[in-house]
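**Q** I would like the atomic coordinates for the input below:
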Amino acid sequence: MIKQFLQDVCWGKLDFLLIDTPPGTSDEHMTVMECVPNCSVILTTSPQAVAAADVLRQVTFCKTTGANILGIIETLSGFVCPTCSDCSLLFNKGGGQRLAEHCKLEFLGSVPIDPNLSKYLDSGTLGSNRDTCVSYQSYDAIVDKLLGIMGVKCLTISAEDGG
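**A** A predicted model of the protein is given here:
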C-alpha cells in the first residue's frame, strides 16, 4: 500500500512530503526507505523511558540504513489548561531531550497536549489565535529549527493569510 502511494501518485513538485509511520522498525519503514532514497527522518517520542527506548531502536535502524535524522521531538510534554494556559505535567518531561543528547542528535522541541489547538483548527481560527495557543508556538519553533537545519529560509505568514 505504501509503495503504491509513493510510486503511483502523481505528486508534482513537492517541497516536503511528511509520512507519519507507526513506532518501530517494521515493513512500513523499510518500504519508505526503499521508495524514497535520501529521505530525512524526524523522530518523535513521549517523555517516558519506555517510549524513548523504542525510539532508540529507531535511531539505530535509521543510522544502519543511512537515513538522515533531522532530530527528535518530544510529544505529550504536559497538558495545557484550556482556561488558564498553565501547563501541567502528565508524565515526566525531558525524555526526548535526554534521548537526543544520548544519541548526539538535534533536540527539536517539545509539544504539550493543548485542547485549544484542536478547537482553533476545527473552527478555522488558528491564525487569529496563534499567539495564545501554546502548542502552536511549540510547533512554530520546531518548524523554524527544521527549516534552519535544512537551509530553507523561513516564510512569514500573517494571521490574515490563515497562518
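**Q** what packs against the lowest-mean-pLDDT helix or strand in the chain?
**A** Lowest by mean pLDDT, DSSP states H and E among the helices and strands of the chain is helix 27-35, with a mean of 82. Judged by 3 or more CB pairs under 8 Å, 6 or more residues apart in numbering; DSSP states H and E, the packing partners of helix 27-35 are helix 2-7, helix 49-65. C-beta here means a position set from N, CA and C on the backbone, and glycine is covered the same way.
**Q** ranking those helices by burial, who's on top?
**A** Comparing those by mean neighbour count (mean count of other CB atoms under 10 Å), helix 49-65 comes out on top with a mean of 16.
**Q** Tell me what angle that helix forms with helix 27-35.
**A** 30 degrees (axes from the mean of the first three to the mean of the last three CA atoms, to 10 degrees).
**Q** so what secondary structure elements neighbour helix 49-65?
**A** Using 3+ CB pairs under 8 Å, 6+ apart as the test, helix 49-65 ends up in contact with helix 27-35, strand 40-45, strand 68-80, helix 95-103.
**Q** quick one: that helix to strand 40-45, angle?
**A** Using the same axes, to 10 degrees: helix 49-65 against strand 40-45 is 160 degrees.
**Q** returning to what we had before: so which of the helices and strands packed on helix 49-65 gets nearest Gln137?
**A** Nearest of these to Gln137, taken as CB to CB: strand 68-80 at 10.3 Å.
**Q** Got the confidence number for the residue lying closest to Leu99 once chain neighbours are set aside?
**A** The shortest distance from Leu99 to any non-neighbouring residue, by CB to CB, 6 or more residues apart in numbering, is to Ala52 (4.5 Å). For Ala52, the pLDDT comes out at 91.
**Q** ok, back up a step: just the residues contacting the least confident helix or strand of the chain, thanks.
**A** Ile2, Lys3, Leu6, Gln7, Ile19, Thr21, Pro22, Cys39, Gln58, Phe61, Thr65, Ala67 (CB atoms under 8 Å, 6 or more residues apart in numbering).
**Q** Between these, which sits nearest Asp131?
**A** Looking across the contacts of helix 27-35 and measuring by CB to CB, the closest to Asp131 is Ile19, at 30.5 Å.
**Q** Low-confidence ranges, this structure, go.
**A** 24-25, 154-163 (pLDDT under 70).
**Q** Tabulate the helices and strands packed on helix 27-35 (JSON lines), appending distance to His102.
**A** Output for those, formatted as JSON lines (distance: least, CB to CB, whole Å):
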{"stretch": "helix 2-7", "distance to His102": "30"}
{"stretch": "helix 49-65", "distance to His102": "8"}
